[in-house]
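Student: turn this into a structure:
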Amino acid sequence: MKKLLAMMLTASLTFSLVACGGSSADTTNTAETATEETSTEETVEEATEEASTEEAATEEATEETEEATEEAADETATEASGDYKIAMITDSGDITDMSFNQTTYEASKAFAEAQGVDYQYYKPTEDSNEARTAAFDNAVSDGYNVIIVPGYLFAEMIATVAEENPDVTIIALDCSQGDFEGAGMDELPSNVCSFTYQEELAGYMAGYAVVKEGYKKLGFLGGMAVPAVIRYGYGFVQGANDAAKDLGNASDVEVNYVYGGQFFGDESVTAVMDTWYQGGTEIVFACGGGIFTSAGEAAKKAGGKVVGVDVDQSGTIDGLYGDGICVTSAMKGLGATVNSVLTDLFAGKWDSYAGKIENLGLVSGDDPALNYVQLPTDTWSMKNFSVDDYKALVSSMYAGDVTVSSDIEAMPSTDITVNEFDNIH
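Tutor: Just a heads-up that it's a prediction; the model follows:
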C-alpha cells in the first residue's frame, strides 16, 4: 500500500512540473494536467481511506483476540478452582495455639470460604511422622487435593507422600532446604512448594525496639531450638545489642537466654520465668507457639512485659494477663503467604511455585506493612520508640545500611551481656 501511494505522489509531482515548466503548453494542456492532478488526489485519498479502514479492522481483530484469550484463561482458572478442595494439617500444636497453627488455619479457611470450596483441617493423633502421614492419607482419601502444612516437622511426611501423590498440591510453611535434605529429599517435586522466613530480621526489630523503648533487662524464651526459633533469638540479641550501642548503655543491657524444649507452657517453664522476672528481668520475648503462657503468667505476677511472636499477640496476651503486658510482637506473614499462593494456584499460576523454596523477608523500605517480617503498628504502645523510628529502622535494613546475620551456629558476638541457660526440658 505504501508503494502505491509513493508511485501516485511521484506521478502527481511529475505532472505539476510539466505544467509549470513547459513554455509552449496551451490551455488544453493545462486543463488536462489539472484533470490528471485531481484524479491523482482522489486516488491518494481513496488509498489513505482504505489503509485507515484496514488498520482499524486489524486493531479491532487484535482486541477481540485478546479479549477472547483473557476470557478463556478466566474460564480455565474458574474451572480449575472448582476442582480444588483445601485441607490443613496441624503440627504438634493445634488451631487454638494463638500462633503458628491458628494463623495458618484461619487464613486458609477464610480463603476457602471466599472461593466457595470445601475445607477441612486434620489434627494428627500424636507428634510423629507416622501420625502426620496418616492425617495426610485421610485428607487425600476424603478428596482434598490442596494440603497446607505449617512447620519443619512436616518435611519427613512430605518426603514420604509427595511423589506418590502427584495430583495433590502441598504447600509447606517453614520447611527449609535443610529440613528436606534431612528427610532424604534433595529436590522438591513439582507438586510441592515451601516458604521460609527471615526470622532474624523480625527478631532484630523487636530487640532493637524494646531497648530503644528503655528496657535493659531482657529475656528470650524459645520453644524448641529449631532453626526458625534460633534465628528469632539471635536476631533479638543482635537488635538489642545495636540499640544499646546507639544509646551508649551496652554495659547496662543484658539478656537471659533459654529454650523450653517444647512449644507450650507448663509449671516448669513458668517457674523459670518467675525466677527471671523476680530477679529483675523486665521483658521476655516468648518465642514458640503456646509457650507464651508461661511468660505471661510470670509477667502478670511481677509486673513484667512480654514480646509476642509470629502474629500480633497483643490481643491474646493482654486479654489473658492484663492490658499492656504485650509490648510488641515479632511477626512473619503467614496469612499473607497462604492467601497469595492459593490465589495464584486458583488463577492457574502454580508453575511459579512448583518445586521451589522461597525465603521471604523485606520487600519494601517505604511501607513496612508490605514486608513478610515486621512489627505490628496497629496496636503500637511504645512511647520512646515511635512508629516513625520503626519505619526509619526498616528503611535502613532494606537499604542494607543495617545488616543482620542469619547464622545459627553460635550466639552472636555482642557488647551487651548474654546469659545462656540449659534447656528447661
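
Student: so residue 109 makes contact with residue 119?
Tutor: Yes: Residue 109 is within contact range of residue 119, at 5.4 Å (criterion: Cβ atoms under 8 Å). (C-beta placed from N, C-alpha, C; glycine too.)

Student: so residue 160, which of the three states?
Tutor: helix (DSSP: H, G, I helix; E, B strand; the rest coil).

Student: need the contact list for it.
Tutor: 129, 133 (Cβ atoms under 8 Å, 6 or more residues apart in numbering).

Student: again, only this time at 7 Å
Tutor: Contacts for residue 160 were tallied using Cβ atoms under 7 Å, 6 or more residues apart in numbering; they are residue 133.

Student: same check on residue 136?
Tutor: Contacts of residue 136 (Cβ under 7 Å, 6+ apart): 89, 147, 157, 161.

Student: can you lay out the residues you listed as TSV showing neighbour count?
Tutor: Formatted as TSV, the contacts of residue 136 follow (neighbours: other Cβ atoms under 10 Å):
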residue	neighbour count
89	28
147	28
157	27
161	19
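
Student: ok, so of the residues you listed, who is nearest residue 365?
Tutor: Distances from residue 365 to the contacts of residue 136, taken as Cβ to Cβ, are shortest for residue 147 (35.2 Å).

Student: report the beta-bridge partners for the closest one.
Tutor: Assessed by DSSP bridges, residue 147 has beta-bridge partners residue 87, residue 170.

Student: how close does it get to residue 183?
Tutor: 17 Å (Cβ to Cβ, to the nearest Å).

Student: neighbouring strands for the one helix or strand residue 255 maps to, and are they parallel or not?
Tutor: Assigned by DSSP states H and E, residue 255 belongs to strand 254-259. Sheet pairing of strand 254-259 (DSSP bridges) gives strand 217-222 (parallel), strand 417-420 (parallel).

Student: nearest to residue 225, of the contacts of residue 136?
Tutor: Within the contacts of residue 136, the smallest distance to residue 225 is 21.3 Å, found for residue 157 (Cβ to Cβ).

Student: contact partners for the closest one?
Tutor: Going by Cβ under 7 Å, 6+ apart, residue 157 touches 129, 132, 133, 136.

Student: of these, just the buried ones, PyMOL syntax please.
Tutor: Per 16 or more other Cβ atoms under 10 Å, the buried members of the contacts of residue 157 correspond to this PyMOL selection:
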select buried, resi 129+132+133+136
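
Student: for the contacts of residue 157, give me TSV that also has secondary structure and pLDDT.
Tutor: Converted to TSV, the contacts of residue 157 look like this (DSSP: H, G, I helix; E, B strand; the rest coil; pLDDT from 0 to 100):
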residue	secondary structure	pLDDT
129	helix	96
132	helix	97
133	helix	98
136	helix	98
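
Student: helix/strand/coil for residue 203?
Tutor: helix.

Student: need the pLDDT of it.
Tutor: The model reports residue 203 with a pLDDT of 98.

Student: so for it, what's the nearest residue that isn't a sequence neighbour?
Tutor: Ranked by Cβ to Cβ, 6 or more residues apart in numbering and with sequence neighbours excluded, the top spatial neighbour of residue 203 is residue 235, at 2.9 Å.

Student: these two touch, right, the one you found and residue 404?
Tutor: Yes: the pair residue 235 and residue 404 passes the contact test of Cβ atoms under 7 Å, sitting 5.7 Å apart.

Student: where does pLDDT dip in the stretch 151-300 of the chain?
Tutor: The stretch 151-300 of the chain contains no residues with pLDDT under 70.

Student: which parts of this protein are helices?
Tutor: With DSSP state H as the criterion, the chain has helices at 2-21, 27-81, 100-115, 129-141, 155-161, 177-182, 199-213, 227-247, 267-278, 292-302, 314-321, 334-346, 387-399.

Student: then the third one to PDB, C-alphas only?
Tutor: It stands for helix 100-115. The C-alpha trace of helix 100-115 is given here as PDB (Å, rounded to 0.1, in the frame of the first residue of the first chain):
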ATOM      1  CA  PHE A 100       1.500 -20.500  64.000                       C
ATOM      2  CA  ASN A 101      -1.200 -23.200  63.600                       C
ATOM      3  CA  GLN A 102      -4.100 -20.900  64.300                       C
ATOM      4  CA  THR A 103      -2.900 -18.200  61.900                       C
ATOM      5  CA  THR A 104      -2.400 -20.800  59.100                       C
ATOM      6  CA  TYR A 105      -5.800 -22.400  59.800                       C
ATOM      7  CA  GLU A 106      -7.700 -19.100  59.800                       C
ATOM      8  CA  ALA A 107      -6.000 -17.800  56.600                       C
ATOM      9  CA  SER A 108      -6.600 -21.000  54.600                       C
ATOM     10  CA  LYS A 109     -10.200 -21.400  55.900                       C
ATOM     11  CA  ALA A 110     -11.100 -17.800  55.100                       C
ATOM     12  CA  PHE A 111      -9.700 -18.300  51.500                       C
ATOM     13  CA  ALA A 112     -11.700 -21.500  51.000                       C
ATOM     14  CA  GLU A 113     -14.900 -19.800  52.200                       C
ATOM     15  CA  ALA A 114     -14.400 -16.800  50.000                       C
ATOM     16  CA  GLN A 115     -13.900 -19.200  47.000                       C
END
